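Asker: Sequence unavailable; structure follows:
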RNA sequence: GUGGGCGUAGCUCAGUUGGUUAGAGCACAGGGUUGUGAUCCCUGGGGUCGGGGGUUCGAGUCCCCUCGCUCACCCCA
């Protein structure tokens, strides 16, 4: 019996690996140019690390095991606890602000479905030690910068932003008691999935009458364009309570990404640990699950035993991102690295020179390939060169004994004679 | 964890009321011709028909169980 790959995992053959690298290379490139440093941690941690942040309930949603020393371990289902542990351990030695990114593979024991697998890659961008809205805005900018890098535009994706404190103020103003705030958040989060009757019944349990239930529903559905936060002031009737959101609005405009963003107080995020701004990035039609999510989590480093440290972060998975890019025709057909040169032997006499020519080119750093076929059929070998996406073909024939080869530009079809000894210099300019 | 749909070659599929040794195209590999990316031709590898059990003289086909994939629900750090 053949053994299959475990449920919800992927095999990366060269074609798929090229796509994966296409995404991860973009993540790395964009992170670096936005000033973030690359970090990573272990692929498994002590199970307790995850319990600290998420409680005992998390255990059923991750892969855990016991080592020979009876230690309870877990494959990492997220990176944030590792990051918090790392920061807490060296908090006083690290220069502030801390700007880190990583691209870990994460494992979750969930039933796979569209946009969700059991092992996936997640780009994490975190900025710690700064409690100003510019940090939140830079985090969002970095995510937008990536989406733009991959060919997406503001009409294809939406960054939906909310704020824990603003929503709390609105809820309190509506008459929700302090001890019911969490329930109210949950209700707001689930409003699209609930029948109207259920929604009203749940809202009534929060102490809201029919008019106020109606108002809560309205507010949950309101969307305001970034750069026009004044609309939120007048339509929702908040002002001083806007706080950070007003500051963020100015920064998003300054970063030049307000056309990508909008405010949506219906965005909740399941996390109990977010303390301020929260956001999600969705494909504009809303067809896919969230492409990215993040927010401010000022209390977390302290929770892991470090100093009180403000923090904002963002996570983006590779699965939904690739779904969206594929649907919009933005994934390259072939993302494999293109050979600079493909060496061809057009005669038996020339065949013996292929490896030495290839070696000379490779020593100069040129991506060089050749065929293992015994045919001297130039047409067939050129087809192989084209299939490999090579930029040039070097054709060795009987003239090779005089030290000359033909160089064919596979894009233009043009062909010139070049001395074999000059080939490395010819291609490296 | 719950429910729907789907399982024949790497991919897309055909396979008659159950009937001989399960096929095609594409892809892949080797080769030939015109020697310069095309076209054409020859050859080859590859399937326990997802797996197991049952009915039958005989099962890819009918029945049961199971596994996997997929979509949705739950959840979503």
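Answerer: Alright, I've got the coordinates. This structure is a prediction, so every number in the text was calculated from the model and none was measured. Residues are numbered from 1 along each chain as shown, chains lettered A, B, ... in the order given.
Asker: Please name the nearest non-neighbouring residue to residue A:290.
Answerer: In this structure, residue A:290 finds its nearest non-sequential neighbour in residue A:280, 4.6 Å apart by C-beta to C-beta, 6 or more residues apart in numbering. C-beta here means a position set from N, CA and C on the backbone, and glycine is covered the same way.
Asker: pLDDT score for that neighbour?
Answerer: At residue A:280, the model reports a pLDDT of 95.
Asker: and it, what helix or strand is that in?
Answerer: Using DSSP states H and E, residue A:280 falls within strand A:277-283.
Asker: what are the pairing partners of that strand, and which direction each?
Answerer: Partners of strand A:277-283 in the sheet, by DSSP bridges, are strand A:157-163 (antiparallel), strand A:292-296 (antiparallel).
Asker: if we can go back for a sec, and the gap between the residue nearest to residue A:290 and RNA strand B?
Answerer: Applying C-beta to the nearest atom of the strand, to the nearest Å, the value for residue A:280 to RNA strand B is 8 Å.
Asker: residues contacting that residue?
Answerer: A:159-160, A:267, A:269, A:290, A:292-293 (C-beta atoms under 8 Å, 6 or more residues apart in numbering).
Asker: which two in the residues you listed are spaced the farthest apart?
Answerer: Distance extremes for these: the farthest pair is A:159 and A:269 at 13.5 Å, using C-beta to C-beta.
Asker: Who has more neighbours out of those two?
Answerer: Higher neighbour count among residue A:159 and residue A:269: residue A:159, with 26 against 18, using other C-beta atoms under 10 Å.
Asker: Which residues does that one form beta bridges with?
Answerer: Here residue A:159, judged by DSSP bridges, has bridge partners residue A:261, residue A:281.
Asker: Now do the same for residue A:361: helix, strand or coil?
Answerer: The three-state label for residue A:361, taken from DSSP: H, G, I helix; E, B strand; the rest coil, comes out as helix.
Asker: ok, and the closest non-adjacent residue to residue A:357?
Answerer: Once flanking residues are discounted, residue A:357 sits nearest to residue A:343: 5.4 Å by C-beta to C-beta, 6+ apart.
Asker: Please, which helix or strand holds that neighbour?
Answerer: Assigned by DSSP H and E, residue A:343 belongs to strand A:341-345.
Asker: List the contacts of that strand.
Answerer: With C-beta under 8 Å, 6+ apart, strand A:341-345 has contacts from A:351, A:353-354, A:357-358, A:361, A:366-371, A:376, A:378, A:381-382, A:384-385, A:388, A:390-397, A:410, A:423, A:427.
Asker: Can you name the element that comes right after the longest strand along chain A?
Answerer: Looking across chain A with DSSP state E, the single longest strand is strand A:119-128. Downstream of strand A:119-128, the next assigned helix or strand under DSSP H and E is helix A:133-149.
Asker: Quick one: end-to-end length of stretch A:308-324, please.
Answerer: End-to-end distance for stretch A:308-324: 38 Å, by C-alpha to C-alpha, to the nearest Å.
Asker: Buried ones in that stretch, by neighbour count?
Answerer: By neighbour count on 16 or more other C-beta atoms under 10 Å, the buried set for stretch A:308-324 is A:309-324.
Asker: again with stretch A:390-407
Answerer: Those would be A:390-397, A:399-400, A:405-407, for stretch A:390-407 by 16+ other C-beta under 10 Å.
Asker: Ok, stretch A:37-53 next?
Answerer: Result for stretch A:37-53 [16+ other C-beta under 10 Å]: buried residues A:39, A:44-45, A:47, A:49-53.
Asker: cool, stretch A:65-84 as well?
Answerer: By neighbour count on 16+ other C-beta under 10 Å, the buried set for stretch A:65-84 is A:73-84.
Asker: likewise stretch A:347-356?
Answerer: For stretch A:347-356, using 16+ other C-beta under 10 Å, the buried residues are A:350-351, A:353-354.
Asker: What of stretch A:106-114?
Answerer: Buried-residue list, stretch A:106-114, by 16+ other C-beta under 10 Å: A:106-109.
Asker: will you turn those residues into a markdown table that also has pLDDT, distance to residue A:150 and secondary structure?
Answerer: Shown next, in a markdown table, are the buried residues of stretch A:106-114 (pLDDT from 0 to 100; distance: C-beta to C-beta, whole Å; DSSP: H, G, I helix; E, B strand; the rest coil):
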| residue | pLDDT | distance to residue A:150 | secondary structure |
| --- | --- | --- | --- |
| A:106 | 95 | 21 | strand |
| A:107 | 93 | 25 | strand |
| A:108 | 92 | 24 | coil |
| A:109 | 90 | 30 | coil |
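Asker: mind listing what residue A:133 touches?
Answerer: Counting by C-beta under 8 Å, 6+ apart, residue A:133 makes contact with A:244, A:247-248, A:250-251, A:277.
Asker: Run a quick check on residue A:299 versus residue A:274, I expect a contact.
Answerer: No: shown here, residue A:299 and residue A:274 do not form a contact pair, counting by C-beta atoms under 8 Å, at 9.4 Å.
Asker: Among those two, which residue is more densely surrounded?
Answerer: A direct count of neighbours by other C-beta under 10 Å for residue A:299 and residue A:274 places residue A:274 higher, at 24 against 14.
Asker: just checking, that one touches residue A:163?
Answerer: No: at 9.6 Å, residue A:274 and residue A:163 do not qualify as touching, with contact defined as C-beta under 8 Å.
Asker: next SSE after the longest helix along chain A?
Answerer: Identified as the longest helix of chain A according to DSSP state H is helix A:14-33. Remark: after helix A:14-33, the chain's next helix or strand is strand A:37-38, criterion DSSP H and E.
Asker: Can you get me the centre-to-centre distance for that next one and its chain?
Answerer: With C-alpha atoms, centre = their mean, to the nearest Å as the basis, strand A:37-38 stands 15 Å off its chain's centre.
Asker: cool, and stretch A:252-267?
Answerer: That offset, for stretch A:252-267, works out to 19 Å (C-alpha atoms, centre = their mean).
Asker: Tell me how far the strand holding residue A:280 lies from the chain's centre.
Answerer: For strand A:277-283, the distance to the chain centre is 13 Å (C-alpha atoms, centre = their mean).
Asker: Noted, bye for now.
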